[in-house]
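> Sequence and predicted structure, then a few things I'm wondering about:
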Amino acid sequence: MDLLTRRDFLEKVSALTAGMSFASSSHKLFAAVALEPHISFPSAPRDRVAVASYPFRAYIESPANRDRDRSLPGMNLREFASEVVRKFNVYNIEPHNRHFHSLDSEYLASFRKALRKANAKVVNIAVDGEDSFYDADAPVRKKAIAYAKKWVDVAVQIGSPSSPWKK
C-alpha cells in the first residue's frame with residue numbers, strides 16, 4: 001500500500017484546486033463572452049463624438065426650455081441635428097429633455113424623420129428630473145424611475161441606436 005505523504009497530499013490538493021479554479025473561471029469567462037452584447041465603436045474621430053443641445057439652450061425653442069434667449073434667433077430641436085451636421089460635420093447629437101417641444105407621437109415621429117434626413121442620430125438624451133433615484137423615500141425613488149423610463153420610451157420612438165427599434 002502506498003502511503004501518501006503530507007507533501008504529496010498538498011501538491012495533489014493544490015493542483016486539483018488550481019485546475020478546478022481555472023475550469024470554473026474559464027467557463028464563466030467563455031459564458032460571459034458568448035452572452036454579453038458586443039459593441040463596435042467607430043474608428044473615425046468625428047463618429048465618436050456628439051454635440052449636446054444644452055450649450056445651445058439659448059437658441060432652442062421649447063415650452064420647457066427656461067433658458068431660451070428671445071433676443072437670439074431660435075430653432076426647434078428638429079432643426080438642431082441638421083445644423084450640427086452642417087456646421088460641425090458631426091452626426092451624433094445629445095438633446096436635453098427640456099429641449100423637446102413635445103413628447104406626443106406626432107412630434108417624435110417628425111423629429112425622427114428630421115434625424116434621418118440629416119443622417120444623424122441621438123446617442124444620448126440628457127434628462128433632468130425633479131426626483132432622485134437616491135431619495136430615502138421609496139415613493140420618490142419610484143417616481144424618478146418612472147420618469148426615466150418615459151425617456152427610454154422616447155429614445156425608442158426616435159430610433160436612438162441603443163434602443164431595440166432601429167432606424
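Thanks, I have the structure now.

> and the closest residue to N119 other than its chain neighbours, what is it in contact with?
Excluding the flanking residues, the one nearest N119 by CB to CB, 6 or more residues apart in numbering is Y91, at 6.0 Å. C-beta coordinates here come from the backbone N, C-alpha and C atoms, glycine included. Counting by CB atoms under 8 Å, 6 or more residues apart in numbering, Y91 makes contact with R46, D47, V84, V85, A118, N119, A120, K121.

> now swap in R68 and tell me
R57, A58, Y59, I60, E61, S62, G74.

> I'd like the distance between it and R98.
From R68 across to R98, the span is 10 Å (CB to CB, to the nearest Å).

> do the same with D67
8 Å.

> ok, now T5?
T5 is 75 Å from R98, by CB to CB.

> So between these two, which is more surrounded?
R98 (20 against 9; other CB atoms under 10 Å).

> Name all residues that make contact with that one.
Residues near R98 by CB under 8 Å, 6+ apart: R57, S62, A64, N65, R66, D128.

> Could you check how many residues crowd around F56?
When neighbours are counted by other CB under 10 Å, F56 comes out with 18.

> What score does it have for pLDDT?
Per-residue confidence (pLDDT) for F56: 96.

> Could you pull up the residues touching the residue nearest to the spatial centre of the chain?
Centroid-nearest residue in the chain, with CA atoms, centre = their mean: N124, separated by 5.2 Å. Each residue near N124 by CB under 8 Å, 6+ apart is listed here: A50, E94, S160.

> With D8 instead?
Per CB under 8 Å, 6+ apart, neighbours of D8: none.

> follow-up on the earlier one: of the contacts of R98, the lowest pLDDT goes to which?
D128 (89).

> Which of the three states applies to it?
coil (DSSP: H, G, I helix; E, B strand; the rest coil).

> Roughly how far does the closest residue to it other than its chain neighbours sit from P73?
Nearest residue to D128 in three dimensions, chain neighbours excluded: N97, at 6.2 Å (CB to CB, 6+ apart). Note on N97: its distance to P73, by CB to CB, is 23 Å.
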